[in-house]
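S.K.: A structural model of the following input is requested.
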Amino acid sequence: VKEPRPELLMMLVSGRPRSDDQPDSRAKWRWTVFSEAVRQVPTIEPASASAEMRTLQVLLAEARRHQLEMDHLQMFKTDTLSTCMHEAVYSGNVHAVASLHQYALWLMHTRPKVVLKYKGKMSLWAETRSGWLPYHNACIRHSPAYALRGQLIPWLLNLMDMQLTEMKSVLMADAHARAGSSGDNHSDALLTLPTSARHELSKVRPGKEQAGPKGFK
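M.R.: Numbering: from 1, shown residues only. Down below sits the predicted model:
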């Protein structure tokens with residue numbers, strides 16, 4: 001039996017309707033099987049033990065086997081220009097968010113160079129072309145996550161800070177390893193990552209009257 005091709009994990013499927021106001025609309029987003037798998041996971045207990053969650057875990061296990069750079073592979077293939085983490089946050093699904101977050105941490109430690117490759121814009125820090133982070137989806141009034149914002153937003157900020165700490169640690173360790181093997185100082189290769197999630201999210205972008213992407217309040 002031939003080994004499955006990893007690109008099949010990134011094939012496009014039909015997602016939810018383009019307009020939440022027209023659930024029966026035939027015009028749907030197309031995104032990868034990961035985003036669709038996240039959408040199917042129930043947001044209520046016991047989601048962690050559901051068949052849908054087990055399906056997502058099997059997909060993530062396959063992604064680990066192939067060391068997929070999921071965030072950006074998905075971003076460039078889907079109509080939404082977003083990732084399955086964006087969908088997990090939009091759905092308010094803490095189980096899916098936690099699983100995807102753990103995958104990102106594993107990938108960083110397995111392949112430290114991906115942090116430099118994507119300039120730290122991975123997982124909870126991955127931006128769409130419009131500049132939306134997954135966090136912003138928790139603040140959309142019509143999103144399922146909005147009803148949970150009191151607990152969800154502080155938790156997301158904490159996870160974002162944890163990821164920042166991990167990315168800085170991975171970059172530093174990789175720089176030291178390369179410096180030790182070559183005798184050169186590679187500290188100039190380190191990225192300037194944000195100080196904290198709260199600080200970054202509160203910054204007003206140049207030419208904008210508000211923090212965050214266009215249309216975010």
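
S.K.: any idea how far Val97 is from the residue nearest in space to the middle of the chain?
M.R.: For the chain, the residue sitting closest to the mean C-alpha position, by CA atoms, centre = their mean, is Ser123 at 2.9 Å. Using CB to CB, to the nearest Å, Ser123 is found at 9 Å from Val97. Any C-beta I mention is one placed from the backbone N, CA and C, and that applies to glycine too.

S.K.: export stretch 160-173 as PDB, just CAs?
M.R.: Output of stretch 160-173 as PDB, limited to C-alpha atoms (Å, rounded to 0.1, in the frame of the first residue of the first chain):
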ATOM      1  CA  MET A 160      -0.500  34.100  23.000                       C
ATOM      2  CA  ASP A 161       2.000  35.200  25.600                       C
ATOM      3  CA  MET A 162       3.000  31.600  26.200                       C
ATOM      4  CA  GLN A 163       3.600  31.200  22.500                       C
ATOM      5  CA  LEU A 164       5.700  34.400  22.500                       C
ATOM      6  CA  THR A 165       7.900  33.000  25.300                       C
ATOM      7  CA  GLU A 166       8.300  29.700  23.400                       C
ATOM      8  CA  MET A 167       9.300  31.400  20.200                       C
ATOM      9  CA  LYS A 168      11.900  33.600  21.900                       C
ATOM     10  CA  SER A 169      13.300  30.600  23.700                       C
ATOM     11  CA  VAL A 170      13.500  28.500  20.400                       C
ATOM     12  CA  LEU A 171      15.100  31.400  18.500                       C
ATOM     13  CA  MET A 172      17.700  31.900  21.300                       C
ATOM     14  CA  ALA A 173      18.500  28.200  21.600                       C
END
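
S.K.: For Val97, which non-adjacent residue is closest in space?
M.R.: Of all residues not flanking Val97 in the chain, Ala88 sits nearest, at 4.6 Å (CB to CB, 6 or more residues apart in numbering).

S.K.: pretty sure the one you found belongs to a strand, no?
M.R.: No. Ala88 is assigned helix when assessed by DSSP: H, G, I helix; E, B strand; the rest coil, not a strand.

S.K.: In contact with it: list those residues for me.
M.R.: Neighbour list for Ala88: 38, 96-97, 100, 134 [criterion: CB atoms under 8 Å, 6 or more residues apart in numbering].

S.K.: Find residues that contact each of Ser123 and Val97.
M.R.: 85, 134.

S.K.: I'd assumed Leu148 was in a strand, is it?
M.R.: No. Applying three-state DSSP, one finds Leu148 to be helix, outside a strand.

S.K.: tally of neighbours for the residue lying closest to Pro42 once chain neighbours are set aside?
M.R.: Distance criterion CB to CB, 6+ apart; nearest residue to Pro42, sequence neighbours excluded, is Ser50 at 5.7 Å. By other CB atoms under 10 Å, 16 other residues sit near Ser50.
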